[in-house]
Structures are given as C-alpha cells and as structure tokens.
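S.K.: Turn this into a structure:
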Amino acid sequence: MNSKEIVHSVSEIIDVKERINSLFEKGHALMNKEPLVGIELSEFILNEAKQYGYAEGEALGFNLKALCNTVLGNHEVAIRCFSSALTSANKSLNNKLKGNILNNLGLLFNQIGDLEKSLIFYTDAYQIYEKGDDERALYTIIMNIGIIYLRTKNYNLGIDYLKKAQEYYRRVKNKVNVCLVANNLGMGFFTMDNLIEAKKYFTEAAEVSEEINDKINACRSSLYLGLISLKEKDLKTAEESFHKSMTISVENDMKVARVFNYKGFAQLYAEMKQFDRALDQLKYAMDISAKLELHEEEIEILHLYSDIYSQMGNFEMAYKKSIEHKEMKEKWLNDENVRKIQQLQISNQIHQITREKELAEQASVSKSNFLSNMSHEIRTPMNAVLGFSNLLIDSPNLNEEDRASVSAIKQSAENLIHILNEILDFSKIEAGKIEFKSEPFNVEREAKKVQQMFVLQAKQKNLEINFNIADDTPRNLLGDSFRLGQILINLTGNAMKFTAKGGVTINVKALDTLDGKVNIQFQVVDTGIGIDNDRLERIFERFKQASAETSKFFGGTGLGLAISKQLVELQDGTMVVTANPAGGSIFTFVIPYLIVDEAQLAEQQKLVAPKQEIFYETFRMLVADDNPFNQLIVKKLMQKHYFNAIVEAVDNGKAALSMLSRFKYDVFLCDVKMPDMEGTEVAERIQEGGEHKEMPIIAFTAGVTDDEKKRCKDAGMKFFLPKPFSKEELFQILFDVGVIKSQTT
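M.R.: Numbers count the residues shown, from 1 in each chain. A predicted model of the protein is given here:
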C-alpha cells in the first residue's frame, strides 16, 4: 500500500487521536521495508496534529520521520527530527513517549558508533521509565545500557545491568530476550577470561534458543562455546560446536557469522597442527570479509595468518602477513579517524540542537516568571477594585444609577481577572506544569452547578439554560471536578456569549463502561450564530476566534476553547465541535473516569458550614499586607459580618512579628510579598517556636502559581487565599481553620 491508501484506510476513524495513533502504528510497521512511505505518513501525521493542536501527535509524527530517516542512513535529518519529537513530547506530558524517543536516539548513536552519546540517551530514558509502570520498556533500556557498557569495556557495570535484565526476562518468561541477554553476559565473562561463568550463560542461551528456534542466538552461543572449549583444550567439543554454528550460519545465510566460524576453525586446526586446513579457513574468512568490507575482521585475519605461518616455521610469509596487517591497521585507523571526525560533526550538531533547546527552556522559564510577576502586579490593585466594588454594591445608601455604575466597574474587573486566569492556565499547560486531582465527585451535581451559574445571565438575555443527564449515567466518579467545571464554564460561557435567542443546553451521558471505568460524554449545545464549516478546524487554535468580527463584537482572548480542549486531552479525553442542525454549535467532549460508590464519596467530601447573614463570634485576627487598601477591605468585611471580631493590621513582616510577640491571635492573614521580609520567612520564624506555633497562617497573595503555593506550604502557611478574593472565600477559609463555626452568604 502507498501512503494515500493507508491514509484512506483510517479516514473512517472520527477521533483525531485514534486516527493519528493508527497511522503511526502502520508507519512504524512499514519503516524498515518502506521507509519513504513512512516519511510520507509522518508528514500527514504532523499536518493533522498541528491542525488540531495535538502535541502528542506531533511527537509521534517527528518520531516516525526520524526512525525512517535512520533506516535510510540520513542521520543528521533523523537527529533533528528526534529533537523536535522530544520538544512535542514535553508539551504533551507523555513521559512514556518521551522515553521511547530517548531510547530511539540511543539506538541511533549506537548504530553510528558514538557509544558515549548512546549511553547518555539510554540513561535519560532509563530515568523516565524507572518512575513509570512499563516494566517491559524499563528492562529493555536496562539491557541496552548493559550492552553499551560491555562495548565500552566497563565489564562489571555491563554485567550488573544485564543480570538485572535477565532476572526480569526469566520471571516474565521472555525467552527471546533470555537468549539475547545470556549471550551478552557470556560475552562479558568471556572477555574477562572468566570461562566458567561464560560457559554457564552461553549454555543457557544455546538451550533456550534451540527451544524457541532462535537461529541467531543459537549460532552465536555455539560459536562461543566452541571458543571456550578451544581455550580449555577440549578440541573435540570445540569442533562439534563450530560445526553446529557453521551449519546454522550457512542454512540461514549469516555471512558475518560464517567469518567468525572460519576463524574459529582456523585456530582449531592450527592447534591440531593441520596448518593447510587452517589456512584454507582463513582464506574463506578473508574473501567474505573483503566483500562485506569488514575491515576489523580483515585485520584480525591477517594477524592469524602471521601467527599460523610462524607456527609452521614459514617466517618469510609470517613477516609478509605481519606487514600487511600493520599497513591495513594503519589505513583502517586513518579511516576510523575520518569517521570519528564525522561523528564529531554530528555530535556538534546535537550540541547545537541541545543548546537551542536549553535556550528555549530558559525563555519559557523567563516567560513564566514574567507572567507570574504580571499576575501579581495586576491582582494586587484588582483586589482593591473588586473588594470596594463589592462593599459599595451592598451599601444601602447607593441610588440605582450609582449601583449600576459600580456593577459595571465590578464586571469589568472580573472580566480582566478571567482573562488573566486564561493566560496563566495557557502558560501552565505550555510549560507542562498543570496537574490533575483524583478525588470522588458527583458529576450531576458539578454539571448542574455550572448550569445554575448561568441562570441569571440567561434570564437577562431572555434565553433558556437547560441541563439533561441520562438515567443510566453513573453519578459518583473519581477525577478532577474543578477542571471539569472549568471546561464546562468555558464552553457554557462561550455558548451564552454567542447566543441571542433560543438557549443553551448541557447534556451528560455515559458512552461505555468497562472494568469500573466509564467514558462520560458532555455536550454544550447552543442556538447561537454558529461557526462556518471552513472555520470549525481553527476554532481550537490559541488566540483564534471564528473571525475578526467575532473578537470585535463579542470580545475575549481566544484562549478559552484552546485551554478547554487541552485540559480534556491531558485527561486522556477528546473534544470536537460540530454544527447544530437547529442552528448554532455543539461542543462535545469525552473524559474517562473511574466509578466510585456513595460511601467513598461521602467520606472524602468536605462538610460545608450552614450559611447565615451576621455572626457574633469572638476571635482575634492579625493582617500583614503592605497595601493599605487590602488591609481596609479585610477590616470592613469583618466589621460588617463579624461584629465581635478584633482585626489588627500591619504593613510589614517585622511589625507582624512584633505584634505576635506581644499579643495572642487566633489567625494570621499574611501577605507573601512584602518589602522588608517575605511572608514565607515570617511564617518560618513563627514555626520555630513560641505560643503562636500552632496558630493557622493564611497565605494572602496575588501569586497563584503552583510553585508559589508549594513555597507557602513548605514555610508553614497551610491555607491559601488568592487575590483578588471574595468574602465567601475568606469566610470559608476562616471556617476551615476553625476560627468561625459558620459562614456568611
């Protein structure tokens, strides 16, 4: 089949990921016989993957292209493709795929003879697979590393790795690899002149290879058993072993193996003083080596010629062969030096590619730092804008016109925070730092919660907002409910924005269930303006909307759909958009979840306090923040809802420590970034001792990255209140830390 026929054969597969994976498997199966077809398929995979923003698909495409170029001997092209494959694999967060690519790079450098580079890539792959659950891949790497160590004359290390691999292959009864590893272990011990251990492993390889009809390993083990017998002066057994190995090599057209056997016979006949027969064997070996350009073997054969002629007493021929041996060795060394220079050039290219990769990673870190700082600088003033807007809206002294103005300010601030959150999420996904929780949740409750969020907006636009869930859908699942909510909010908000009449519907149903795992399909259906067919494929691209007019009239960053799709795919799901026959669009995504029972769900769900309006609980709070507006917002909220609470504020870390040394507080709300002393340092000093050691410390920060949260937690700030915050978030945390017994609405 040509590439077009292969592409056509998978055209009925609707799911993009499945289609790309199927093409990769077909290309991988063809690469040794039809590498050019494989390259054509890789180009199709790359185009398809880039079109849908499927990073794992891009990695597969580059990987296939590199493998096919390796087969063709285009090593420089292969190296560049592997480098691109690694970059895409990093974006996809698929460590197993990354390990496979690193292993392939190890194989490539092994093939071109750069064993040092080969070992580096094998070791990188080993570190990835060591943390995973793919034992087969892990022990393949261990075996490869062991073989490289043997080839670089690190025999003890090589034997250690190969013994680990052999234990695994015996345990899983992988007899093919049992043979392979046994032969390599035998080689290691043979080179170290430990004939007892060498014989043990070559015997194992011979027995198992005969059992599974493995001709290559049978030929190799018989050859070396013959060489061991020759060293032990057991000439009869040596001859039997060489005959067995030679028979296999002739029957299976194994020309290189025949060279080794002819050399073995030559040494055997020389030991038996049958010199003419020995010279005949060397002639056969030399003829094959010359045809195959096995220069190292030619050099070794000339050395054997010289040695045998010396034993015969024909010193003239011995000298002649010795001169030929010397000249050929020098020529081979010169050629080898040229080859090493070529390898060095390739290595320099790899170094350049690696350097470019490092610079790209540094740029990514710089970008992440910039986004983090930008987030902090924007969130700090936005906390004041939103906080005072909320306080003003609740004020009974505002007339309706002023209340509408304040509401507009609040809405604009919330939109800005939403845009900021989208950019940060996009940055996390791009940097591979986004994580998913695995906790029990009720899918009906979470989806209905999203529907309820948009009831008021739907009412204002005179739209319907509906929710349906199929009766046979399992309700209690294990997964990340927060990310599910984020995806549904993005899609529903998008649908509401582009719908002027009719409504929006959220549908949920189970597609299939197997071994406690269920694929849940979610649909957000709208009757809005719809998307042109020629623009459907672009809708998930970053910073893209259906058209420039869309952005002009409806606003937005164009990130929400791209983020949602990536969040789905990072959970092994899929997302597509189709036209709604009734007008509008249908966004469909599927995520696999584990099913949990009611008891497990109830045990892990947090109890929420009863909600009331005003409370008279007594507690003392210290607030440390260098921004006076943030201090004021917290004070006013507490005064409004908790009349008996005592709230005191300072503007730096040293002042906070001074207050804590003089007074007892029930809770400490501490800004993380302050000019004189970081909030984390303040927390660490509190943890060192004193009466406030057990006092709850809440990190009050505009930095919302995972790294920031971890830094706060490590310092002893076990609770986290991001800026800008709502009163509900503040009171929920105060309830969680045990300061209050109930919350406000």
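
S.K.: so how many other residues sit close to L734?
M.R.: 28 (other Cβ atoms under 10 Å). Every residue, glycine included, has its C-beta placed from N, CA and C.

S.K.: sorry, that was for K326
M.R.: 14.

S.K.: and the gap between it and I489?
M.R.: Per Cβ to Cβ, to the nearest Å, K326 is found 79 Å from I489.

S.K.: now G73
M.R.: G73 is 53 Å from I489, where distance means Cβ to Cβ.

S.K.: Low-confidence ranges, the stretch 501-650 of the chain, go.
M.R.: 532-560, 598-617 (pLDDT under 70).

S.K.: which residue ranges form the strands in it?
M.R.: 503-514, 517-526, 574-579, 585-595, 611-612, 620-624, 646-650 (DSSP state E, counting those that start in this stretch).

S.K.: most packed of the ones you listed?
M.R.: Each of the strands of the stretch 501-650 of the chain was scored by mean neighbour count; the highest is strand 620-624, a mean of 22, by mean count of other Cβ atoms under 10 Å.

S.K.: same for the helix or strand harbouring K117, what does it pack against?
M.R.: Secondary structure from DSSP states H and E places K117 in helix 115-130. Under the contact criterion of 3 or more Cβ pairs under 8 Å, 6 or more residues apart in numbering; DSSP states H and E, helix 115-130 touches helix 95-111, helix 135-151.

S.K.: related to what we said a few turns ago, higher neighbour count, G73 and I489?
M.R.: Between G73 and I489, counted using other Cβ under 10 Å, the more crowded position is I489 (17 against 11).

S.K.: What about the spatially closest residue to I393 that is not a sequence neighbour, how many residues nearby?
M.R.: Of all residues not flanking I393 in the chain, V406 sits nearest, at 5.5 Å (Cβ to Cβ, 6 or more residues apart in numbering). V406 has 17 neighbouring residues, counting by other Cβ under 10 Å.

S.K.: Would you mind listing the residues in contact with V406?
M.R.: Contact partners of V406, counting by Cβ atoms under 8 Å, 6 or more residues apart in numbering, are 389, 392-393, 398.

S.K.: give me the element it is part of.
M.R.: For V406, the host element (DSSP H and E) is helix 400-431.

S.K.: What's the mean pLDDT across the helix or strand hosting D160?
M.R.: Using DSSP H and E, D160 maps to helix 155-171. On average, the pLDDT along helix 155-171 is 93.

S.K.: And the pLDDT for the nearest residue to L230 once chain neighbours are set aside?
M.R.: Using Cβ to Cβ, 6+ apart and skipping residues adjacent in sequence, the residue nearest L230 is A238, 4.3 Å away. At A238, the model reports a pLDDT of 93.

S.K.: isn't A238 right up against L268?
M.R.: Yes - with contact defined as Cβ atoms under 8 Å, A238 and L268 form a contacting pair (5.5 Å).

S.K.: Mutual contacts of those two, please.
M.R.: Shared contacts of A238 and L268, counting by Cβ under 8 Å, 6+ apart, come down to 226, 230.

S.K.: ok, the nearest residue to Q687 once chain neighbours are set aside - how many residues close by?
M.R.: Closest residue to Q687 apart from its sequence neighbours, by Cβ to Cβ, 6+ apart: G716 at 4.2 Å. Using other Cβ under 10 Å, G716 has 19 other residues around it.

S.K.: Pull the contacting residues for G716.
M.R.: G716 neighbours (Cβ under 8 Å, 6+ apart): 683-684, 686-687, 697.

S.K.: same deal with A655?
M.R.: A624.

S.K.: one more time with 7 Å, if that's ok
M.R.: Under the criterion of Cβ atoms under 7 Å, 6 or more residues apart in numbering, A655 has no neighbours.

S.K.: Now it: which helix or strand?
M.R.: helix 653-662.

S.K.: And that helix, what's buried?
M.R.: Across helix 653-662, burial judged by 16 or more other Cβ atoms under 10 Å covers 653, 655-657, 659-660.

S.K.: I'd like to check the angle between whichever helix or strand comes after that helix and strand 620-624, please.
M.R.: Remark: after helix 653-662, the chain's next helix or strand is strand 667-671, criterion DSSP H and E. Strand 667-671 and strand 620-624 are oriented at 10 degrees to each other (axes from the mean of the first three to the mean of the last three Cα atoms, to 10 degrees).

S.K.: And strand 667-671, what does it pack against?
M.R.: The criterion is 3 or more Cβ pairs under 7 Å, 6 or more residues apart in numbering; DSSP states H and E, and the helices and strands that strand 667-671 contacts are strand 620-624, helix 679-687, strand 697-701.

S.K.: if we look at it, which residues are touching it?
M.R.: Outside strand 667-671, the residues that touch it by Cβ under 7 Å, 6+ apart are 619, 621-626, 634, 656, 679, 682-683, 695-701, 717, 734, 737, 739.

S.K.: same thing with stretch 209-227?
M.R.: In contact with stretch 209-227 (Cβ under 7 Å, 6+ apart) are residues 175-176, 179-180, 183, 186, 190, 199, 202-203, 205-206, 238, 241-242, 244-245, 248-249, 252, 254, 257, 260-261, 264.

S.K.: what's the average pLDDT for that stretch?
M.R.: 92.

S.K.: Just the buried residues of it, please?
M.R.: Those would be 209-210, 214, 216-227, for stretch 209-227 by 16+ other Cβ under 10 Å.

S.K.: What of stretch 472-484?
M.R.: Buried, per 16+ other Cβ under 10 Å, within stretch 472-484: 473-474, 476-481, 483-484.

S.K.: K164: which of those is nearest?
M.R.: Comparing these against K164 with Cβ to Cβ picks out L478 as the nearest, at 34.7 Å.

S.K.: what's the closest of the helices and strands packed on helix 115-130 to I595?
M.R.: Proximity to I595 (Cβ to Cβ) singles out helix 95-111 among the helices and strands packed on helix 115-130, at 25.2 Å.

S.K.: Now do the end-to-end distance for stretch 223-238.
M.R.: 9 Å (Cα to Cα, to the nearest Å).

S.K.: which residues does the residue nearest to G738 when sequence neighbours are not counted contact?
M.R.: Nearest residue to G738, sequence neighbours excluded (Cβ to Cβ, 6+ apart): P696, at 7.4 Å. Residues near P696 by Cβ under 7 Å, 6+ apart: 667, 718-719, 737.

S.K.: Which two among these are spaced furthest apart?
M.R.: Taking Cβ to Cβ, no two of the contacts of P696 sit farther apart than V667 and K718, at 11.6 Å.

S.K.: These two: which is more packed in?
M.R.: V667 (22 against 14).

S.K.: and that one, what are its bridge partners?
M.R.: On the basis of DSSP bridges, V667 is bridged to M621.

S.K.: what pLDDT, on average, does stretch 389-402 get?
M.R.: Stretch 389-402 carries an average pLDDT of 73.

S.K.: Endpoints of that stretch, how far apart?
M.R.: For stretch 389-402, the end-to-end distance is 11 Å (Cα to Cα).

S.K.: Equivalent analysis for stretch 638-645, please.
M.R.: 7 Å.

S.K.: chain center to that stretch, what's the gap?
M.R.: On the basis of Cα atoms, centre = their mean, to the nearest Å, stretch 638-645 sits 49 Å off its chain's mean C-alpha point.

S.K.: Next one: the residue of the chain positioned farthest from its centre, what pLDDT does it get?
M.R.: In the chain, the residue that sits farthest from the middle, by Cα atoms, centre = their mean, is G313; the gap is 66.8 Å. Here the pLDDT value assigned to G313 is 88.
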